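Colleague: kindly return the folded structure for what I paste below:
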Amino acid sequence: MDSRFGTELIHLDGQALLVVWGEVDAAAAAEFDEVCGALATVTDRLVLDFTAVTFMDSSGLGVLIEASRRPGFVSIQVRHASDQVRRVFEITGMADRVLEAVAPHELALDQSSSASED
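Modeller: Numbering: from 1, shown residues only. Next comes the predicted model:
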């Protein structure tokens, strides 16, 4: 998979969803911070889809911590984080604050059990 960092803003059911891909590291931190800062001016809830994030280090985490301190944001939610990214949040104690309640592997289990019931 391509490791270049990128984002795309999608409006879904009246809610802003920031799709993030690649490596969220020191090389991407300034761009990630700029995007999060711009969103703080138009929404109070930052929802990020990390399905295609291949790596995140403390630089990416720092951007999210700073974003959580911005006056505009009420909440930050990260969806579909990989095990590596989830581990970064767990080690720092942020998992309960930002990760979506249902882990991706639990969603897969729910979908497979639903399919077997059909």
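Colleague: got any ranges where this structure has weak pLDDT?
Modeller: Scanning the chain for pLDDT under 70 picks out 1-2, 101-118.
Colleague: need the helices for it, in chain order.
Modeller: 26-40, 58-68, 83-91, 95-98, 104-117 (DSSP state H).
Colleague: which other helices and strands contact the first one?
Modeller: The one in question is helix 26-40. strand 6-12, strand 15-24, strand 45-56, helix 58-68 (3 or more C-beta pairs under 8 Å, 6 or more residues apart in numbering; DSSP states H and E). Backbone N, C-alpha and C define where each C-beta goes, glycine included.
Colleague: in the third one, which residues are buried?
Modeller: Read that as strand 45-56. 46-50, 53-56 (16 or more other C-beta atoms under 10 Å).
Colleague: closest one of the residues you listed to P71?
Modeller: L46 (13.0 Å; C-beta to C-beta).
Colleague: wait, the closest one touches C36, no?
Modeller: Yes - the pair L46 and C36 passes the contact test of C-beta atoms under 8 Å, sitting 6.5 Å apart.
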